[in-house]
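A structural model of the following input is requested.
(4 chains)
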There are 4 protein chains.
Amino acid sequence: MENVPSNWFMEFVTPDNIQQFAIKDVLYYGHSEFQKVEMIETLAFGKCLILDGKIQSCEGDEFIYHEALVQPAMILHPNPETVFIAGGGEGATLREVLSHNTVKKVVMVDIDKEVIELCKQHLPNHHQGAFDDPRVELLHTDAKKYLEETNEKFDVVIIDLPEPIEGGPCYLLYTQKFYEMLKTKMADGATFALQSGATILGITNVYMAVNNTLRTAFPVSIPYEATVPSFGGPWGFTLNSMKRNPHELSADEVDQRISKRVNKPLHFYDGHTHQGLFYIPKYLRDMLAKETMIITEDNPVFIPGI
Amino acid sequence: MENVPSNWFMEFVTPDNIQQFAIKDVLYYGHSEFQKVEMIETLAFGKCLILDGKIQSCEGDEFIYHEALVQPAMILHPNPETVFIAGGGEGATLREVLSHNTVKKVVMVDIDKEVIELCKQHLPNHHQGAFDDPRVELLHTDAKKYLEETNEKFDVVIIDLPEPIEGGPCYLLYTQKFYEMLKTKMADGATFALQSGATILGITNVYMAVNNTLRTAFPVSIPYEATVPSFGGPWGFTLNSMKRNPHELSADEVDQRISKRVNKPLHFYDGHTHQGLFYIPKYLRDMLAKETMIITEDNPVFIPGI
Amino acid sequence: MENVPSNWFMEFVTPDNIQQFAIKDVLYYGHSEFQKVEMIETLAFGKCLILDGKIQSCEGDEFIYHEALVQPAMILHPNPETVFIAGGGEGATLREVLSHNTVKKVVMVDIDKEVIELCKQHLPNHHQGAFDDPRVELLHTDAKKYLEETNEKFDVVIIDLPEPIEGGPCYLLYTQKFYEMLKTKMADGATFALQSGATILGITNVYMAVNNTLRTAFPVSIPYEATVPSFGGPWGFTLNSMKRNPHELSADEVDQRISKRVNKPLHFYDGHTHQGLFYIPKYLRDMLAKETMIITEDNPVFIPGI
Amino acid sequence: MENVPSNWFMEFVTPDNIQQFAIKDVLYYGHSEFQKVEMIETLAFGKCLILDGKIQSCEGDEFIYHEALVQPAMILHPNPETVFIAGGGEGATLREVLSHNTVKKVVMVDIDKEVIELCKQHLPNHHQGAFDDPRVELLHTDAKKYLEETNEKFDVVIIDLPEPIEGGPCYLLYTQKFYEMLKTKMADGATFALQSGATILGITNVYMAVNNTLRTAFPVSIPYEATVPSFGGPWGFTLNSMKRNPHELSADEVDQRISKRVNKPLHFYDGHTHQGLFYIPKYLRDMLAKETMIITEDNPVFIPGI
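Residues are numbered from 1 along each chain as shown, chains lettered A, B, ... in the order given. Okay, here's the model as predicted:
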């Protein structure tokens, strides 16, 4: 057993399910104004951002998460020029958005300035310089408040927030009221994607409630999932719009849009991936069909007992 | 911390990656002639079979694994009457096969009689009585030897073996020579599916080598994946045939075949799932395109260092 | 890593310190009226009782704990005929007491009848039939209340309770008031021993406060420690009396008393062990010299944040 | 569970017994010519040296280990002027030796120069500048070879090596032949102390064999133990001499020698501690009485299966 690594990151994926990754180093440990912040370097997945004890992303497989979150919404839009991002402190969501040469302006709002400064310093492979792009306007305020007060409308909206936890900073951005307000900030034909919770059996409550709420607000609301190994199981996303449907794009059209617009290699997403991406397994569809919860400020959703 | 469960199953998914599940009970611990055998009851996933320290399946999410393994190959065949299964000791692969009313005979060969007896006793929700079906011929011998000696040909072949480990019982069933021999036991138009290894980033070596080897043997060899939460990451499968291609089946055709033939509810697989199932992400396709290893008896493949 | 055991008991010894023991079986899991109750069989230490997630004793090394707790107080008394035990559900404290042929009556009060029934059934090597001895009067009530109401006086008192946890059943039995009351139930020349908390550096707060409180009540109050491997570190005890001092007994006297009175083999304690037992290391004495906390009902002590 | 620390050091104390300590930082990870070397900072015990996956010492409780190892042998000698140390890379054994103002020369031989350089840099609270003392001659060679070739004789010898592991650097320093040779390098009246293995039940094989071998070589060979919390259980030492016996020193004599000679505070050891230190529990004496193994080069001892 002298070959077993000595140092391990331990995460309670649920109260009954732990994942541990061998670590090479602890890069940072502290508390920001809003949350516990940790950065580690794992053997399996490289450098990772941990918020409130939960892995947000690791450089070894973050491309799956960030391409799955950003690229379908960007590609589905015929000409995305203005983009709004809520959260996404690592800068990798921003990196994916900026890879589109159609983009003229990105407003990114992440409440936690300290996390962003730490990511700039410790996670260069995540942001790859995205924060320095002149098209970016970076704000540290409450994304909900910002949107309520702005007069701008956006072609694409990406919400990249941690899961809602009791007492955490972002559960109000998972409500029906927020989604209704958000619609008024979306330009005609705009698309909107978000990570919408784990699809790991037994802890799908957030995914189900969020998707049930989204479909009250958007005529097109397509749940999908991707498996990011460092997340400890499959993860859910949703692509929303008033009218654009990802099923209408052929593999060839996707590949053509990528080759015309995207100025960096993609590793997860392309036309072939797109063709399979919007078909979640029957049991998730069955659960969603039975879901009745509509998330409101008075009836919020939280990840289970953690 | 008095609410943290006390008792945990611990599995090294890789030498750098541990998963732990809280357990209610240890149902069985022992060694068969061939392997270390354990049965546990977890809080998250119910009763599980563990061979050589690695989860084979858990009753809470085994439907994902077993439907993904069996149903596409069965449905793709227009009229599967004879089926060969190698491995599958839990009886759940058999259960899925027998759910097709076209099936007249199933030969199941699992070398480890002790494991099957233990599964019969401890895992009733897995097999659901499948071993008692009069269509089943159950043999405890080496599947390779059986196939070499039989004169029968089968409409569908399912290989449901543990991953190849050094010194383990089944690495010879992952070679080019085996697949070539297997083709001679497949009836005209037959289909053949197998679990073909983890698609977890960092430990994809088995999946890549197996799939690269399979495509030297079969004109149609389609890798796919499904995420079984208790496996600690996404898992790979391959659907092979001399001529039948799953992309040729529409969602409606799949649903019609299911409703005509399958006499029990499915939870993972249906026409909609089928439409998305055969599109693996770009990075897996890129890795496979570069793979050069052909598995032979002298050049076998094993899971990494565990 | 296929030789690493699969199933593990995990205990937070402190919030920063976990111990894990490989388990063969989970014998029992449930909640009594008073606490979470678990029984497991470990590879290293055999069958163990777990209350509220913390190991109480394991058959492989419980002899260290129970002999260290009981034998010095019994041997120090020249003729112990009546004994009072608070707690001690496993029956091993009782077993040690009954090993003295001078004993005519033992009153054992353990509030949790369910725990005792479970120990009777699952831990025969602990109690070894002690509960059936006709000298025993076993009561399921609050030990404090029983003592307050009884007119009896005892030659030896043994308190064998879990550590005080917030909301737990026994923190009131660690107060100055309780010890003052207890003195009035001790016969002339009586001795009184208790487990008085971990002496593991960093979590010695209970041990320090309990011992500081005891010495306000007893002219002779001698802290000592023994290392019980399954406890995750050294453990503290205290031997109290109005006049008898263990330093006054020579090794020979101890051995003679054992051979005259004790009708079973001892494995931890004898005259030689006795000679070294009552000398705790300098750092514990220094900490105790500086301790000022007196435990009262309004100022109770609890184990740290667990 | 958001309060559970994220990062943990994990040590297999035995194959069935894991201890984990929450870590603040990984200070160093690498391999020297001889062993795997790690330095971590734990929450519970501060900075620790790890060799081949096993904790050697942590700054929070190393005083227990190093005082227990060094001070009795130093104090038992009436006038220790020359001292030989084998191992002890952290410099804390050296620190304890140098605290005696009688000492004129210390030869310290540690084969692993890299470990010492790392300790100098990362563990200042361990060595406290000891390596800079002009009385010290530090050599990086094989301690056995050095002793065989030297003509010097020493008043005190301290052996502070890791436990013997198969293929490790130091198992030959645990043999009868080595101890016989060592005697010829000890001045008249010299004392010799060593750490002699875990006294944790179930893994006492090294302690028993080493002590059985030592007593074939030394007329006075007194096993003792101390509990170092970060070691995961009680730890064994042995004090050897041709004629000096620690039982002959009273508490007062010990305290007088300390106050005359030792120029820094002691936290574990003093006259009171000395009085209790040389009485191991009955079960260890019983096991030792039955031990028959004599360690030779052809019949070496190793820690169990790890």
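
show me where pLDDT drops low in the stretch 1-150 of chain A?
A:1-2 (pLDDT under 70).

Would you mind naming what in it lies close to chain D?
Neighbours of chain D within the stretch 1-150 of chain A, by CB under 8 Å from any CB of the partner chain: A:1-2, A:4-12, A:15, A:20, A:23-26, A:29, A:36, A:38, A:40, A:50, A:52-53. Yep, even glycine has a C-beta here, placed from its N, CA and C like the rest.

For the closest residue to residue A:8 other than its chain neighbours, give its distance to residue D:37.
The shortest distance from residue A:8 to any non-neighbouring residue, by CB to CB, 6 or more residues apart in numbering or on different chains, is to residue A:20 (4.5 Å). The gap separating residue A:20 from residue D:37 is 22 Å, by CB to CB, to the nearest Å.

Just list the residues touching the residue nearest to residue A:282 when sequence neighbours are not counted, thanks.
Spatial nearest neighbour of residue A:282, excluding adjacent residues (CB to CB, 6+ apart): residue B:270 at 4.8 Å. Neighbouring residues of residue B:270 by CB atoms under 8 Å, 6 or more residues apart in numbering or on different chains: A:282, B:251, B:254-255, B:258.

can you tell me how far whatever residue of the stretch 151-300 of chain A ends up closest to chain D sits from residue A:197?
In the stretch 151-300 of chain A, the residue that lies nearest chain D is residue A:165 (7.3 Å; CB to the nearest CB). For residue A:165, the distance to residue A:197 (CB to CB) stands at 12 Å.

So for these two, which residue has more residues nearby?
Neighbour tally, residue A:165 and residue A:197, criterion other CB atoms under 10 Å in any protein chain shown: the higher count belongs to residue A:197, 26 against 18.

In terms of helices and strands, where is the more buried one?
strand A:186-198 (DSSP states H and E).

Run the chain-centre distance for that strand.
Put simply, strand A:186-198 sits 10 Å off its chain's centre (CA atoms, centre = their mean, to the nearest Å).

next structured bit after that strand?
Counting by DSSP H and E, the next helix or strand C-terminal to strand A:186-198 is helix A:205-217.

Show residues contacting that next one.
Contacts of helix A:205-217 (CB under 8 Å, 6+ apart): A:163-164, A:174-176, A:179-180, A:182-183, A:194, A:196-199, A:221, A:223, A:236, A:238, A:240, A:284, A:287-288, A:291-295, A:301-304.

same thing with stretch A:242-252?
A:72, A:75-77, A:183, A:186, A:189-191, A:218-220, A:222, A:239, A:270-272, A:274-275, A:277-278.

List the buried residues in the strand of greatest length in chain A.
Identified as the longest strand of chain A according to DSSP state E is strand A:17-31. Applying a neighbour-count criterion of 16 or more other CB atoms under 10 Å in any protein chain shown, one finds A:17-29 buried in strand A:17-31.

Residue A:274 reaches residue A:75, doesn't it?
Yes - taking CB atoms under 8 Å as the definition, residue A:274 is a contact partner of residue A:75 at 7.4 Å.

how close does the residue of the stretch 51-200 of chain A found nearest chain B sit to residue C:55?
Closest contact between the stretch 51-200 of chain A and chain B, by CB to the nearest CB, is at residue A:200 (4.9 Å). Between residue A:200 and residue C:55 the computed distance is 31 Å (CB to CB).

so does the longest helix along chain A get close to chain B?
When every helix of chain A is counted residue by residue (DSSP state H), the longest turns out to be helix A:62-76. Yes - for helix A:62-76, a contact with chain B is found by CB under 8 Å from any CB, at A:63-64.

just the angle between that helix and strand A:186-198, please?
In terms of direction (axes from the mean of the first three to the mean of the last three CA atoms, to 10 degrees), helix A:62-76 departs from strand A:186-198 by 150 degrees.

what packs against helix A:62-76?
When contacts are defined as 3 or more CB pairs under 8 Å, 6 or more residues apart in numbering or on different chains; DSSP states H and E, helix A:62-76 sits against helix A:92-98, strand A:154-160, strand A:186-198, strand A:220-228, strand A:233-241, helix A:251-261, helix A:271-277.

what's the closest non-adjacent residue to residue A:264?
Closest to residue A:264 by CB to CB, 6+ apart is residue A:99, at 4.8 Å.

Looking at the contacts of residue B:270, which is nearest chain C?
Here the nearest of the contacts of residue B:270 to chain C, counting by CB to the nearest CB, is residue A:282; it sits at 31.8 Å.

List the residues that contact the closest one.
Residue A:282 sits in contact with B:266-270, B:272-273, where contact means CB under 8 Å, 6+ apart.

Please report which of the residues you listed has the highest neighbour count.
With neighbours defined as other CB under 10 Å, the most crowded of the contacts of residue A:282 is residue B:269; it has 28 neighbours.

what's the residue positioned nearest the centre of chain A in contact with, if anything?
What sits nearest the mean C-alpha location of chain A, by CA atoms, centre = their mean, is residue A:160, with 3.4 Å. Contacts for residue A:160 (CB under 8 Å, 6+ apart) come out as A:69, A:85-88, A:93, A:194-195.

Quick check: residues of the stretch 1-150 of chain A near chain B?
The stretch 1-150 of chain A comes close to chain B at residues A:3-5, A:8, A:14-22, A:42-45, A:60-61, A:63-64, as judged by CB under 8 Å from any CB.

Could you give me the PyMOL selection string for whichever of those residues are buried?
To isolate in PyMOL the members of the residues of the stretch 1-150 of chain A next to chain B that are buried, counting by 16+ other CB under 10 Å, one can use:
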select buried, chain A and resi 4+5+8+14+15+16+17+18+19+20+21+22+42+43+44+45+60+61+63+64
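
number of nearby residues for the closest residue to residue A:279 other than its chain neighbours?
Distances taken as CB to CB, 6+ apart place residue B:276 nearest to residue A:279, at 2.6 Å, with adjacent residues excluded. Using other CB under 10 Å, residue B:276 has 18 other residues around it.

so residue B:276 touches residue A:274, yeah?
No - at 10.3 Å, residue B:276 does not count as touching residue A:274 under the criterion of CB under 8 Å.

Which neighbours do these two have in common?
Residues touching both residue B:276 and residue A:274 (CB under 8 Å, 6+ apart): none.

residue contacts, the closest residue in space to residue A:95 that isn't next to it in sequence?
Nearest non-adjacent residue to residue A:95, counting by CB to CB, 6+ apart: residue A:130, 4.2 Å away. Residues near residue A:130 by CB under 8 Å, 6+ apart: A:91-92, A:94-95, A:98, A:136.

Isn't residue A:221 up against residue A:237?
No - using CB under 8 Å as the test, residue A:221 is too far from residue A:237 to be in contact (11.3 Å).

who's more crowded, these two?
The neighbour comparison of residue A:221 against residue A:237 (other CB under 10 Å) goes to residue A:237, with 25 against 19.

what's the distance between the more buried one and residue B:261?
Taking CB to CB, one finds residue A:237 at 34 Å from residue B:261.

just to revisit the earlier point, just the contacts of residue B:270 now: which is nearest residue A:227?
residue A:282 (17.3 Å; CB to CB).

Could you measure from the closest one over to residue B:251?
The spacing between residue A:282 and residue B:251, counted by CB to CB, is 12 Å.

so what pLDDT did the closest residue to residue A:235 other than its chain neighbours get?
Distances taken as CB to CB, 6+ apart put residue A:228 closest to residue A:235, at 5.5 Å, once the chain neighbours are dropped. Note on residue A:228: pLDDT of 93.

Ok, residue A:166 next?
Taking residue A:166 on its own, its pLDDT is 80.

surely it meets residue A:301?
No - shown here, residue A:166 and residue A:301 do not form a contact pair, counting by CB under 8 Å, at 10.2 Å.

higher neighbour count, those two?
Using other CB under 10 Å as the criterion, residue A:166 and residue A:301 rank with residue A:301 on top: 23 against 11.

so who does that one touch?
Taking CB under 8 Å, 6+ apart as the test, what residue A:301 contacts is A:164, A:171, A:174, A:205-206, A:209-210, A:293, A:295.
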